[in-house]
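Engineer: Show me the folded form of this:
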Amino acid sequence: MTGKKQNIEDTYHEEQGRLTNYIKGKIGSMEDAEDIAQDVFLSFVGGFDEISDLRKSISWLYTVAKNKIVDYRRKKKPLSIEDQKVNDDDEGLNLMDLLPSLETMPDEQLMKDMIWEEIQLRLEELPKEQREVFEWHELEGYSFKQISDFTGLTVNTLISRKRYAVLYLREQLESLFKLMKD
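Structural biologist: This is a model prediction of the structure:
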């Protein structure tokens, strides 16, 4: 077996489950998530020569997956917040901390959809480094140690980037939450 083929297979076996779960967390449908993940890996095989190392290949996989999710959403309705998989972190900063309680609000589902759309828009405004760390940690469920291993950055740098992302999101979403309370 050639080194290239082995690297592709190793990456597939290591990332296929996580990638599929990440996609499912974004779109809510396991069947569609499996289809999208398959498309991502087909693109990966076709573009493997352009990827210089394994760390970049993992980032590349999630970038392609994110783009395919955007394409998928263009064809489907927006995803609600309750469909998102969010993991708590050691620092106490997580996605659910950004959200107000919706239990007493009218049109709860509409509000959830509106909040999720706004979060997605605000995530796109973040610097790439902050956005990636936030998405990897909060939405994909990677630990800071795992992110450090595949990016080569220190855990403290990653924590700092995520902190700035959370602070920015809180600031940007504050006006939306005030509007919702009125």
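
Engineer: show me what contacts Met30?
Structural biologist: Neighbouring residues of Met30 by C-beta atoms under 8 Å, 6 or more residues apart in numbering: 20, 24. To be clear about C-beta, it is placed using only N, CA and C from the backbone, and glycine gets the same treatment.

Engineer: what's it sitting at in phi/psi?
Structural biologist: Torsion angles at Met30 (phi, psi; degrees, to the nearest 10) stand at phi -60, psi -40.

Engineer: quick one: it and Asn21, what's the gap?
Structural biologist: 9 Å (C-beta to C-beta, to the nearest Å).

Engineer: What of Ala33?
Structural biologist: From Ala33 to Asn21 the distance is 8 Å (C-beta to C-beta).

Engineer: Give me the more crowded residue out of these two.
Structural biologist: Applying other C-beta atoms under 10 Å to Ala33 and Asn21 shows that Ala33 carries more neighbours, namely 22 against 16.

Engineer: quick one: that one from Arg74, how far?
Structural biologist: 16 Å.

Engineer: same thing with Gln6?
Structural biologist: For Gln6, the distance to Arg74 - C-beta to C-beta - is 36 Å.

Engineer: what's the answer for Tyr168, then?
Structural biologist: Distance of Tyr168 to Arg74, given as C-beta to C-beta: 26 Å.

Engineer: between these two, who's got more neighbours?
Structural biologist: Using other C-beta under 10 Å as the criterion, Tyr168 and Arg74 rank with Tyr168 on top: 18 against 7.

Engineer: tell me the contacts of Glu135?
Structural biologist: The contact partners of Glu135, by C-beta under 8 Å, 6+ apart, come to 62, 66, 123.

Engineer: For the second one, pull up the helix or strand it's in.
Structural biologist: It stands for Lys66. Assessed by DSSP states H and E, Lys66 sits inside helix 54-75.

Engineer: and the helix or strand just after that helix, C-alpha only, in PDB?
Structural biologist: Downstream of helix 54-75, the next assigned helix or strand under DSSP H and E is helix 108-125. Output of helix 108-125 as PDB, limited to C-alpha atoms (Å, rounded to 0.1, in the frame of the first residue of the first chain):
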ATOM      1  CA  GLU A 108     -40.300  30.100  21.000                       C
ATOM      2  CA  GLN A 109     -39.300  28.200  17.800                       C
ATOM      3  CA  LEU A 110     -39.200  31.300  15.700                       C
ATOM      4  CA  MET A 111     -37.000  32.900  18.300                       C
ATOM      5  CA  LYS A 112     -34.700  30.000  18.400                       C
ATOM      6  CA  ASP A 113     -34.300  30.000  14.700                       C
ATOM      7  CA  MET A 114     -33.700  33.700  14.700                       C
ATOM      8  CA  ILE A 115     -31.000  33.400  17.300                       C
ATOM      9  CA  TRP A 116     -29.300  30.600  15.500                       C
ATOM     10  CA  GLU A 117     -29.300  32.500  12.300                       C
ATOM     11  CA  GLU A 118     -27.800  35.500  14.100                       C
ATOM     12  CA  ILE A 119     -25.100  33.400  15.800                       C
ATOM     13  CA  GLN A 120     -24.100  31.900  12.400                       C
ATOM     14  CA  LEU A 121     -23.800  35.400  10.900                       C
ATOM     15  CA  ARG A 122     -21.800  36.700  13.800                       C
ATOM     16  CA  LEU A 123     -19.500  33.600  13.700                       C
ATOM     17  CA  GLU A 124     -18.700  34.500  10.100                       C
ATOM     18  CA  GLU A 125     -17.600  38.000  11.300                       C
END
